[in-house]
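Undergrad: Kindly generate the corresponding structure for this input.
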Amino acid sequence: MAEPEATYRVEAMARRIFVIVNPAAGRGRGRRAWTVVGPALRDAGLQFEETFEEQPGQAIPLAEDAARAGYDVIVAVGGDGTVHEVVNGIMRAGMREQPAIGIIPGGTGNDFARALGIPKDPLEAGRLLLSGARRRVDIGQVNERYFVGISGVGFDAEVAAKVNRWPKWVGGTPVYIAAILNMLVTYRLAPTRIFLDGREERLRLFLLAAANTPWYGGGMFMAPDARADDGKLEVITARDLSKFETLGLLPKVFSGAHLRHRKVSHQAVRELRVESDVPLSIHADGEMVGQVPAVFRAVPGAIEVIVPDAGREAAGARSRP
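TA: Coordinates of the predicted model:
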């Protein structure tokens, strides 16, 4: 059987590999992951160059320079924030022949890797650089910034801003929930205008999430129907929620059951515009990227990511007794 058109084995491509390690990701998990994976890959005969991100945001120019230098693969060792920066660097380079992206999970959430079936174990993820496949997937764009997972405005953006202000050694889903509870005390609904593929709605917005993939916040199942290969963003809006209703909905986000609430809606769109007289913050993959007005759009098939080779896994499964 022929392999899908969008996927082909990594072995078939040229192999100039550049690795960007975020040592601070996951409270040091990124550094620890690479101390194991790097030597294992060299022992397996893989050649690569590596560098360490020394300050937040540095992976963007590092990835841009590597793309312009003609590397075939740029590997992000870290969490969703590191992948976010690498993708923005590659897109900023604007090269006709883009490098593929390899991901070695080393963050607290690793939600984008999870959505693409990349193993959580760093060694297993590292082996994809030897035997994986390239898969072309969508990304999202909000104003001038790209995102791989979920971007949004309203309550979750304010929560992300609060988490980003807390010490970097604090992290994980429990801290995200603590920030949610803290923000509930002061957050106010905002009169907002949204345009979903041109169709206008006016609402008192609690939260809006534009999703390319289902998870964020280290496993919160915000957009169960989001797919990274359908050319659309899954938009979730929550309106007029009281503090009591928010507390009731919070545990349901981990199963996707929040979508059944009468004040929560979701639909797939190619483009979304958000306007408000209230200075609502915008986050992209948990990174703060400005305030509304905001235009969100899907960018179909914008990047290639090294993922498990489904054909090879199926053959292995058939060969096992």
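Undergrad: what helix or strand is the closest residue in space to S265 that isn't next to it in sequence on?
TA: Among residues not flanking S265 along the chain, T237 sits closest, at 5.3 Å (CB to CB, 6 or more residues apart in numbering). In short, each C-beta sits where N, CA and C put it, glycine included. Here T237, judged by DSSP states H and E, is contained in strand 233-239.
Undergrad: how would you label the closest residue in space to P308 that isn't next to it in sequence: helix, strand or coil?
TA: Counting by CB to CB, 6+ apart, P308 lies nearest to G117, which is 5.4 Å off, once chain neighbours are set aside. Under DSSP: H, G, I helix; E, B strand; the rest coil, G117 falls in the coil class.
Undergrad: from memory G117 sits against V307, does it?
TA: Yes: here G117 reaches V307: they are 5.9 Å apart, a contact under CB atoms under 8 Å.
Undergrad: Between the two, which has more neighbouring residues?
TA: Shown here are G117 and V307; by other CB atoms under 10 Å, V307 has more neighbours (23 against 12).
Undergrad: I'd say that one and S131 touch.
TA: No: counting by CB under 8 Å, V307 sits too far from S131 to count as a contact (11.1 Å).
Undergrad: Do I have it right that I90 meets I101?
TA: Yes: if you go by CB under 8 Å, I90 and I101 touch, sitting 7.1 Å apart.
Undergrad: Now do the shared contacts for those two.
TA: I74, I303 (CB atoms under 8 Å, 6 or more residues apart in numbering).
Undergrad: of these two, who's got more company?
TA: I90 (27 against 23).
Undergrad: count of residues packed around the closest residue to H261 other than its chain neighbours?
TA: Among residues not flanking H261 along the chain, L249 sits closest, at 6.0 Å (CB to CB, 6+ apart). For L249, the neighbour count with other CB under 10 Å is 19.
Undergrad: Remind me which helix or strand L249 belongs to.
TA: helix 243-249.
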